[in-house]
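Engineer: Starting from these lines, generate the structure:
(chains A and B, ligands or ions: 1)
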Amino acid sequence: MSLAELICPAGTPAALRTAVDAGADAVYCGFQDATNARNFPGLNLTPDELAASVVYAHAHGTKVLLALNTYPPAGKLDLWRHAADTGARLGVDAFIVADMGVADYIAHAHPQVRLHLSVQAAASSPEAIRYYCESFGVKRVVLPRILTIPEIRQIRKEIPCEIETFIFGNHGLMVEGRCSLTNYLTGQSTNMDGVCSPASDVEYVRDADGSMSSQLAGFTIDRFGPDEKAGYPTICKGRYTAPHRPEGYYAFEEPVSLNLSRLLPELIDAGVHAFKIEGRQRSKSYVRGVVRAFRAAVDDIKAGRKANIADLLALTEGQKQTQGAFETKKWR
Amino acid sequence: MSIHADVNTRPPGPGRTAAARLACVLIQPFLSRVVHRTAARHPSLFARLGPHQTTDFLIDPVELPFALHLRPDPEALVFRAVPRDAAPHTGAAIRGRFLLLLELVDAEQDGDAAFFSRDLEVSGDTEAVVRLRNALDDIDGSLAEETAAMFGAPGRAMLARLRRAYLNDTKGQECI
Ligand code: SF4
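Structural biologist: Residues are numbered from 1 along each chain as shown, chains lettered A, B, ... in the order given. Here you go, the predicted model:
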C-alpha cells in the first residue's frame, strides 16, 4: 500500500523547521562533513542542531532521516561510523546510506534504526535491491532517476522493501554515485567528499555586455547571454564546442529540473511508498514553496480529488522542467 | 527583464556622485544599528560564515544610489554605504534589485531561482557568497521586519509600502 510520504530537504535547522511546518512527513539532513552528498560550505547541521531538530520534528509527528550517503575512502570509515553513532544516539528514524561498509556497520551496531538505500548506490534492478535487503536489512530503496513508471511497477513486485522516488529538483543524468566529472577538474570527489562543483572552485565572470560565464577550476563550462536563463555550474550541464558543433551545445544535459507533479497518481498506483524532494542546498523559501505544493497535491490525490498542482517553474534550474526517464526512455 | 537594464542605463555624473555621497552619510547611523542589532540577536550566523567572517562583501542594490560594504567579523563588524565609484575592493559581490535582496535575506525568495532567472548576480569568491547565504537563511523570522520595528509604526508602514511596490513591479514584469 503506497503511503505517498513526502520526504523533504533540510540544509539548516531553520529549513528543517520550515519543511516540518509545511507538511513534510519526513525530513532528510546531514552533518557538516564528507559523510553526506551535500557537503557545502555553511550548510548542514551540527550534532547539537540535529538533537534539537529531532525533538522539533518528532513533536510534530515528522521523521528525521540522516544522510550518510557518501563513500568512505578505503580505510577511512571512522568518520562515517562516528556519524552513525551520533545519529543513533540522537534518535534519528533512519539512515540513508550508499556504501556497503557503512550499511554493514549500521546493520550490526544500530540494528534498531532503519536503513534506506540512497540513490547514490544506483541500485536499479530487483537483483541489486534484493541483495541490499538481504545483506543489510535495507527497508527502503531510493530509485535512480533512470526508470519508467512501468519499470518501477515491475520492480515493486520483485523486491521486499519500500520504494522512494525523486519527484522534484536537481536532475543530474550520470549513473548516480558514479560521476567523476568534478573529480576530474577539481580533485574533489562528489562521491567521497560529498560535493559536486565545490563553491571554492566556482567563479562567475560578468562580461561588459551583461553576459555571464560560469567557470569551474578555471575552465569555462557555460556562457549565458544577458537575458538567458542560467543553471548550476555543474559539468554535466555545461555547454561545449565540438568539431561538429562549433556554436557550442549541451553535450550531456541542459539546465533543467525534474518535476513529476503530473505523474503523482501513476506513481502512487505503481506502489511508490515515498516521494523525495531534492534541494538541501536551497533556501527556506524553496522548501516552503515546494513542500506546500506537493503536500496539497498528495492530500488531494489521497482524498480522491483532482490535484491542483501549483506552478513551480520559477524554482527550477534554467526555468525548465522535465519528467525525464519517468515519462519515457527517449529522454536524452 | 534582467538587472542589466537597470545597471547599464544608469547615467553617471557629478551631481549623481554628490547625491550618492550625501545618501551614504545620512544612512550610515541606521546601517550601524541594523548590523549590530542583527549580530546580537543572531550570533549563530557567524559559525556558518566560518573563515569568511573576515571577507569583505559588496552588496549592490542596483537601483539605489550607493552600494553596501559588509564585513561580518564579529570582532569588528562593518556595514557601511559606499558610493559605487569609491567602493573598496571586496572578496565577493552580490548585485540585484534592492527589494529582491531584502526578500532573499528574509527567505521570501530563493537565491538559486533568482540566480537562474538572472535577477541576481554574484562575483568573486563563490564560497563566501554561499556561506553568507546559508548563514542568513538559517535565521528564523524576518530581518527586514526586525529592522522596520526599530522605527516603530512608521518603519513597519514603510516596509509594507516597499513590499507592495516590489510585488506590483514584479507582477508587471511577468506580463511583458
Ligand atoms: S556533474 Fe552532474 S551528474 Fe555529475 S555529480 Fe555533478 S550534478 Fe551529478
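
Engineer: Get me the contact residues on chain B for chain A.
Structural biologist: Residues of chain B found near chain A, taking C-beta under 8 Å from any C-beta of the partner chain as the criterion, are B:2, B:4, B:8, B:47-50, B:104, B:107-113, B:115-118, B:121-124, B:126-127, B:129-135, B:137-140. Where C-beta positions appear, they are placed from N, C-alpha and C, glycine not excepted.

Engineer: do that again at 6 Å, thanks
Structural biologist: Contacts of chain B with chain A, taken as C-beta under 6 Å from any C-beta of the partner chain, map to B:2, B:4, B:48, B:107-113, B:116, B:118, B:122-123, B:126-127, B:130-131, B:134-135, B:137-138, B:140.

Engineer: What's the ChimeraX syntax to select whichever of those are buried?
Structural biologist: Remark: buried members of the residues of chain B next to chain A, expressed as a ChimeraX selection using 16 or more other C-beta atoms under 10 Å in any protein chain shown:
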select /B:2,4,48,107,108,109,110,111,112,113,116,118,122,123,126,127,130,131,134,135,137,138
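
Engineer: which ones among the residues of chain B next to chain A are found in helices?
Structural biologist: B:4, B:48, B:111-113, B:116, B:126-127, B:130-131, B:134-135, B:137 (DSSP state H).

Engineer: Packing partners of the one helix or strand B:Leu22 maps to?
Structural biologist: Per DSSP states H and E: B:Leu22 is located in helix B:14-41. Secondary-structure packing of helix B:14-41 (3 or more C-beta pairs under 6 Å, 6 or more residues apart in numbering or on different chains; DSSP states H and E): strand B:78-82.

Engineer: How much space separates B:Asp73 from A:Ala128?
Structural biologist: 51 Å (C-beta to C-beta, to the nearest Å).

Engineer: which sections of the stretch 1-150 of chain A are below the confidence cut-off?
Structural biologist: A:1-2 (pLDDT under 70).

Engineer: The ligand contacts on chain A?
Structural biologist: A:172, A:174, A:179, A:181-182, A:190, A:196, A:234-236 (C-beta under 6 Å from any ligand atom).

Engineer: Tell me where the stretch 201-332 of chain A has helices.
Structural biologist: Secondary structure of the stretch 201-332 of chain A (DSSP state H, counting those that start in this stretch): helices at A:264-269, A:284-302, A:324-327.

Engineer: can you give me the mean pLDDT across the first one?
Structural biologist: On average, the pLDDT along helix A:264-269 is 96.

Engineer: And the helices in the stretch 51-200 of chain A?
Structural biologist: Using DSSP H, counting those that start in this stretch, helices in the stretch 51-200 of chain A cover A:78-90, A:100-109, A:126-136, A:149-158, A:181-186.

Engineer: Tabulate these in JSON lines, adding columns for mean neighbour count and distance to A:Ala297.
Structural biologist: What follows is the helices of the stretch 51-200 of chain A, written out as JSON lines (neighbours: other C-beta atoms under 10 Å in any protein chain shown; distance: least, C-beta to C-beta, whole Å):
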{"stretch": "helix A:78-90", "mean neighbour count": "18", "distance to A:Ala297": "30"}
{"stretch": "helix A:100-109", "mean neighbour count": "18", "distance to A:Ala297": "33"}
{"stretch": "helix A:126-136", "mean neighbour count": "16", "distance to A:Ala297": "27"}
{"stretch": "helix A:149-158", "mean neighbour count": "15", "distance to A:Ala297": "17"}
{"stretch": "helix A:181-186", "mean neighbour count": "18", "distance to A:Ala297": "33"}
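
Engineer: now whatever residue of chain B ends up closest to the ligand: how far from A:Leu45?
Structural biologist: At 13.7 Å from the ligand, B:Asp112 is the closest residue in chain B, using C-beta to the nearest ligand atom. Shown here: B:Asp112 relative to A:Leu45, a distance of 20 Å by C-beta to C-beta.

Engineer: Check B:Arg33 too.
Structural biologist: B:Arg33 is 31 Å from A:Leu45, by C-beta to C-beta.

Engineer: Neighbour count for these two, which is higher?
Structural biologist: A:Leu45 (25 against 14; other C-beta atoms under 10 Å in any protein chain shown).

Engineer: partner residues bridging the more buried one?
Structural biologist: A:Phe31 (DSSP bridges).

Engineer: Surely it is in contact with A:Cys29?
Structural biologist: Yes. The criterion here is C-beta atoms under 6 Å, and A:Leu45 meets it with A:Cys29 at 5.5 Å.

Engineer: Please report how far A:Ile149 lies from the ligand.
Structural biologist: 22 Å (C-beta to the nearest ligand atom, to the nearest Å).

Engineer: Next up, the contacts around that residue.
Structural biologist: A:Ile149 is in contact with A:266, A:270, A:326, counting by C-beta atoms under 6 Å, 6 or more residues apart in numbering or on different chains.

Engineer: which residue packs closest to the first one, ignoring adjacent ones?
Structural biologist: Ranked by C-beta to C-beta, 6 or more residues apart in numbering or on different chains and with sequence neighbours excluded, the top spatial neighbour of A:Glu266 is A:Ile149, at 5.2 Å.

Engineer: One more: the second one?
Structural biologist: Leaving aside its sequence neighbours, A:Ala270 sits nearest to A:Arg153 (C-beta to C-beta, 6+ apart; 4.0 Å).

Engineer: isn't the one you found right up against A:Val272?
Structural biologist: No. Shown here, A:Arg153 and A:Val272 do not form a contact pair, counting by C-beta under 6 Å, at 9.1 Å.

Engineer: Leaving out the residues flanking it, which one is nearest to the residue of chain B closest to the ligand?
Structural biologist: Nearest non-adjacent residue to B:Asp112 (C-beta to C-beta, 6+ apart): A:Arg282, at 5.7 Å.

Engineer: Counting neighbours, what do you get for the one you found?
Structural biologist: By other C-beta under 10 Å, the residues close to A:Arg282 number 23.

Engineer: Just the pLDDT for it.
Structural biologist: Looking at A:Arg282, the pLDDT reads 96.

Engineer: Over to B:Met1?
Structural biologist: 46.

Engineer: List of residues touching stretch A:167-180?
Structural biologist: Against stretch A:167-180 from outside (C-beta under 6 Å, 6+ apart): A:98, A:119-120, A:122, A:144, A:190-191, A:236, A:253, A:257-260, A:275, A:277-279, A:290, A:332.
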